[in-house]
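In: what follows is a predicted protein model with its sequence.
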Amino acid sequence: DPFLYNLVGSIGFVPMPRHWRNFVEWTRCALCNGTEQSVATSELVTSGWYYKNKASQRNMWTQPFIYFMKHYNLYCLYQFPKRGNLALARHWREPGTHFSKQQGTAKADFELATQTEQLKWYNLPVEEAREWIGSYGTRNLLSNINNQNTHHQLVRYDWGMQRRAPPSWQQRPFRTVVITCAVGYKNLGDYRRFVGSLRRHYPGEIKMMIGYQTSWRIQRFLRRHGVQVQKASEGRSWEDFNRFRFDFINNSCRKGGPYDWCLSIDFRDAKFQANPFDWEPLWNPIVGSHEEEHILYPVKEETASINDTNAHPPPNLILFAHIWTWVSEGRPSPIRWHWNHLQDCGALEQFKGDVVDKPIVNAGGFYATPDSMTAIRNLVLEHPQLKVCNDQVTLNVGLHAGLLRNNSSVRAVLWDQGYGSINNVGYMSLFARDSLGRFAGKDCFLSRVVHQFNKKLKPPLNAQCLDEYSNQTTTGPSPDHLAK
């Protein structure tokens, strides 16, 4: 039977176009001088081959792709044919990198399948074959492929050929919802940017709070794209509305409701570059990879327990940091803003020691389960010392002062700025961009959700390589063309 193996084979390799395009874009950033990323995989001998010398790094595309597959938890489809000497692709074993002249005349390792009827020796899944060869006018080949399995049912193997269970979101897909508030926004273009970019990647439920005076054109656009709306009166102050919205967010992600995970995201300055719930786990860096270094909370000594779901329940609140921290001296304006709001609501003296030198948590985008969403709503709206504070200040105090941590229903993870699903790129944060203009993290991997894209952007980390690439390229697909 066919099976899935998360190690690439370079002979006869047929990648899905979207994965290959994203890989090529990633390498232009990740292998760029100045933003060069380590693509080492300590478990595999291939790392030694790749880092042996510069020539190996120029010629060996497979090691970066192995690392790319590891990040996205991708697999390749393999099968041993019923006739063991029959192959769809073969190695000629010519003298060169892998075979020396002393080994004699080059001879192919397997007999090549050249006739349509020879495909009866294979048992390939129809859906994968349809995507690979259907668009090339060879649909007649599909009649010879008789297995109806999909990749959800295929056996998976890790690098050591140990069987791995399919991710839980494939055994029972997560029930998800994206929640946002757009009260007071009158420009249809804002809705097209938010909903349009989201619907390009995400078919699930969207819930949006809008004002009573929202135009019929905007409401028609939202209905057309399947957005569920709730109307609210306009005229509240910015601070009051930021607290008020948490009742709507919590009711949309209520306990006992239909959702496993909810994404709360700002409307005015967010856009989507991938499905925000595209792969699992959202909270879990790949074990043994560099990604473990980018979890700021829990502290490093506790990070290993995140992955041990037998000993500890999995996290249910996923937060994302700003580039700034709560420093007490030499405060740039974004940091001073947070201290001023903490003082204005009368909570400075009580909580100053808890937040100082801690990362600033962004309240404009986070993932939560219904349990943790209720805990956040209660913290923002009902905590005696914080219920008049700015919502972002309250969330920071809640995490750093232990108010959320002491709640047994909340298990939080905080990603460093520039890593994880949501990239807070504004206010002089660090990020990369690809040649299509899409935002990426500091590791050059594409950001699923981009937040604050219109707020005081620095040049991307890989700006030099982008300039070099643009000088070599005269035309190319636009981001919209790629997304379609």
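Out: On my side now, so go ahead. Numbers count the residues shown, from 1 in each chain.
In: who's in contact with the nearest residue to Lys458 once chain neighbours are set aside?
Out: Once flanking residues are discounted, Lys458 sits nearest to Met428: 5.2 Å by Cβ to Cβ, 6 or more residues apart in numbering. For the C-beta atoms, the positions are set from N, CA and C on the backbone; glycine is no exception. Residues touching Met428, when contacts are defined by Cβ atoms under 8 Å, 6 or more residues apart in numbering, comprise 323, 456-458.
In: min pLDDT across the residues you listed, which one?
Out: When the contacts of Met428 are compared on pLDDT, Lys456 comes out least confident, at 83.
In: look up phi and psi at it.
Out: The phi/psi pair for Lys456 (degrees, to the nearest 10) reads phi 50, psi 70.
In: so, low pLDDT: which residues of the stretch 251-400 of the chain?
Out: Within the stretch 251-400 of the chain, the set of residues satisfying pLDDT under 70 comprises 279-292, 299-312, 330.
In: repeat the analysis, applying 50 as the threshold.
Out: Along the stretch 251-400 of the chain, segments meeting pLDDT under 50 span 281, 283, 285-289, 300-311.
In: now do the strands in it.
Out: Per DSSP state E, counting those that start in this stretch, the stretch 251-400 of the chain carries strands over the ranges 261-265, 270-272, 295-297, 317-325, 359-368.
In: could you measure the residue nearest to Lys458 against Gly346, distance?
Out: 30 Å (Cβ to Cβ, to the nearest Å).
In: what number of residues lie near Leu466?
Out: Leu466 is flanked by 20 other residues according to other Cβ atoms under 10 Å.
In: likewise Ile11?
Out: Here the neighbour count serves as a burial measure; for Ile11 (other Cβ under 10 Å) it reads 12.
In: measure it to Arg58 for me?
Out: Counting by Cβ to Cβ, the separation of Ile11 from Arg58 is 20 Å.
In: what about the most centrally placed residue in the chain, distance to Ala274?
Out: Nearest residue to the geometric centre of the chain (Cα atoms, centre = their mean): Ser421, 4.0 Å. According to Cβ to Cβ, Ser421 and Ala274 sit 9 Å apart.
In: find the residues that touch each one of these two.
Out: Once Cβ under 8 Å, 6+ apart is applied, the residues that Ser421 and Ala274 both contact turn out to be Arg448.
In: distance between the ends of stretch 350-360?
Out: Between the start and the finish of stretch 350-360 there is a gap of 18 Å, counting by Cα to Cα, to the nearest Å.
In: identify the residues contacting that stretch?
Out: So stretch 350-360 is in contact with 296-297, 321-322, 324-328, 334-335, 338, 342, 385, 396-397, 400-402, 414, 416-417, going by Cβ under 8 Å, 6+ apart.
In: just the buried ones among those, please.
Out: A residue is treated as buried here by neighbour count (16 or more other Cβ atoms under 10 Å); on that basis the buried members of the contacts of stretch 350-360 are 296-297, 321-322, 324-326, 334-335, 338, 342, 396-397, 400-401, 414, 416-417.
In: what about stretch 379-393, distance to the chain center?
Out: For stretch 379-393, the gap between its own C-alpha mean and the chain's C-alpha mean amounts to 30 Å (Cα atoms, centre = their mean, to the nearest Å).
In: hmm, I typed the wrong one, I wanted stretch 200-209.
Out: Taking Cα atoms, centre = their mean, the mean C-alpha location of stretch 200-209 is offset from the chain mean by 17 Å.
In: now do the buried residues in it.
Out: Neighbour-count burial for stretch 200-209, with 16+ other Cβ under 10 Å as criterion, is recorded at 202, 204-209.
In: where does Thr369 fall, phi/psi-wise?
Out: Dihedral angles for Thr369 - degrees, to the nearest 10 - are phi -90, psi 170.
In: measure it to Thr176 for me?
Out: Relative to Thr176, Thr369 is positioned 11 Å away (Cβ to Cβ).
In: so the residue nearest to Lys458 is in which element?
Out: When secondary structure is defined by DSSP states H and E, Met428 falls outside every helix and strand.
In: could you number the chain from 684 rather than 1 from now on?
Out: Taking 684 as the first residue, the last one we looked at is Met1111.
In: state the pLDDT value of it.
Out: Reading off the per-residue confidence, Met1111 sits at a pLDDT of 90.
In: same check, this time on the one 4 residues further on
Out: At Ala1115, the predicted lDDT confidence score is 93.
In: for beta bridges, what are the partners of the spatially closest residue to it that is not a sequence neighbour?
Out: Excluding the flanking residues, the one nearest Ala1115 by Cβ to Cβ, 6+ apart is Ala1123, at 4.2 Å. Ala1123 has these beta-bridge partners by DSSP bridges: Ala1115, Leu1129.
In: contacts only, for Ala1123.
Out: Applying Cβ under 8 Å, 6+ apart, the residues contacting Ala1123 are 709, 712, 1106, 1114-1117, 1129-1130.
In: same question, Gln913
Out: Neighbour list for Gln913: 890-893, 931 [criterion: Cβ under 8 Å, 6+ apart].
In: so it versus Met892, what's the distance?
Out: Look at Gln913 and Met892: by Cβ to Cβ, they are 5 Å apart.
In: got the residue ranges for the helices in the stretch 884-1033 of the chain?
Out: 899-907, 921-935, 983-990, 1016-1027, 1031-1038 (DSSP state H, counting those that start in this stretch).
In: buried residues in the first one?
Out: Within helix 899-907, the residues that qualify as buried by neighbour count (16+ other Cβ under 10 Å) are 901, 904-905.
In: and what of the longest one?
Out: Applying a neighbour-count criterion of 16+ other Cβ under 10 Å, one finds 924-929, 931-933, 935 buried in helix 921-935.
In: quick one: which of those is nearest to Pro700?
Out: When these are compared for distance to Pro700 (Cβ to Cβ), Ser935 comes out closest, at 35.6 Å.
In: does Gly731 count as helix, strand or coil?
Out: helix (DSSP: H, G, I helix; E, B strand; the rest coil).
In: number of nearby residues for it?
Out: Other residues lying near Gly731 total 12 when counted by other Cβ under 10 Å.
In: check contacts around it.
Out: If a contact means Cβ under 8 Å, 6+ apart, then Gly731 has no contacts.
In: for Tyr840, list the residues it contacts.
Out: Contact criterion Cβ under 8 Å, 6+ apart gives 686-689, 846-847 as the residues in contact with Tyr840.
In: so among the residues you listed, which ones count as buried?
Out: Buried, going by 16+ other Cβ under 10 Å: 686-689, out of these.
In: out of those, which sit inside strands?
Out: With DSSP state E as the criterion, strands contain 686-688 from among these.
In: need those in a markdown table with pLDDT and distance to Leu1062, can you?
Out: Below are those laid out as a markdown table (pLDDT from 0 to 100; distance: Cβ to Cβ, whole Å):
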| residue | pLDDT | distance to Leu1062 |
| --- | --- | --- |
| Phe686 | 86 | 47 |
| Leu687 | 88 | 43 |
| Tyr688 | 90 | 45 |
